[in-house]
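Colleague: this one's sequence-less:
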């Protein structure tokens, strides 16, 4: 037997639900990732921190909140492939880790992790494999998030904002500019 609800009945049900108050959903664990599992997030954190590490000039990706930014962005992504590309990419890095060192990425020491990143970044401009494509996605997103953060803008590149200059000091003549190949 089919239920015989008309628009008025449906409206009454929704009104009653709205008057009953908000749904009581379990609160997420404070600081827990929104999209990634804890292991995936730990891996993302390690990877972004290898790309932009802390140095004596400024804090790195971890301190700038880059992993949290990526997690939030992926959690809010509309297209399913924007979510699956990250999971597949992290899995691909773990596969490379297994083939190179016979253990998952998070169990590698920092030198091994760096060696793995060097391997998957070799063909960055002409990426063909999943790990290479993921590295490009990861690096671009990490750089965007870092240099959009307060740490990246103000501590790393020391951007002062729009300031009045008493005098325009000009630009460096060509002989003082570094060669293009050294700019990365």
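Modeller: Everything's here; your move. Bear in mind that the values here come from a model prediction, so they are computed numbers and not experimental data. Numbers count the residues shown, from 1 in each chain.
Colleague: So for this structure, which residue is the most central one in space?
Modeller: residue 70 (3.1 Å; CA atoms, centre = their mean).
Colleague: And the helix or strand harbouring that residue, what's buried?
Modeller: In the assignment (DSSP states H and E), residue 70 maps to helix 66-75. Neighbour counts over helix 66-75 (16 or more other CB atoms under 10 Å) mark 66-71, 73-74 as buried. C-betas here are computed from N, CA, C, even on glycine.
Colleague: Of these, which is the nearest to residue 158?
Modeller: Using CB to CB, residue 66 comes nearest to residue 158 of the buried residues of helix 66-75, at 18.9 Å.
Colleague: mind checking which helix or strand of this protein has the lowest mean pLDDT?
Modeller: helix 7-19 (a mean of 64; mean pLDDT, DSSP states H and E).
Colleague: other SSEs contacting the next helix or strand after it?
Modeller: Going down the chain from helix 7-19, the next helix or strand is helix 38-51, by DSSP H and E. On a contact count with 3 or more CB pairs under 8 Å, 6 or more residues apart in numbering; DSSP states H and E, helix 38-51 meets helix 61-64, helix 66-75, helix 80-101, helix 110-121, helix 130-148.
Colleague: who touches helix 38-51?
Modeller: Residues from elsewhere that reach helix 38-51, judged by CB atoms under 8 Å, 6 or more residues apart in numbering: 32-33, 36, 60-62, 66-67, 70-71, 86-87, 90, 93-94, 105-106, 110, 113-114, 117, 138-139, 142-143, 145-146.
Colleague: how many degrees apart are it and helix 80-101 in direction?
Modeller: Going by axes from the mean of the first three to the mean of the last three CA atoms, to 10 degrees, helix 38-51 is angled at 80 degrees with respect to helix 80-101.
Colleague: List the buried residues for helix 38-51?
Modeller: Result for helix 38-51 [16+ other CB under 10 Å]: buried residues 40-41, 43-51.
Colleague: Can you tell me which of those is nearest residue 99?
Modeller: residue 43 (16.4 Å).
Colleague: Tell me the backbone dihedrals of residue 52, please.
Modeller: Backbone torsions of residue 52, given as degrees, to the nearest 10, read phi -130, psi 90.
Colleague: That one: neighbouring residues, count only.
Modeller: 24 (other CB atoms under 10 Å).
Colleague: Pretty sure it sits against residue 61.
Modeller: Yes: counting by CB atoms under 8 Å, residue 52 touches residue 61, with 4.0 Å between them.
Colleague: anything in contact with each of those two?
Modeller: With CB under 8 Å, 6+ apart as the test, residue 52 and residue 61 both reach 142, 146.
Colleague: where does the residue nearest to the centre of the chain land on pLDDT?
Modeller: Looking at residue 70, its pLDDT stands at 96.
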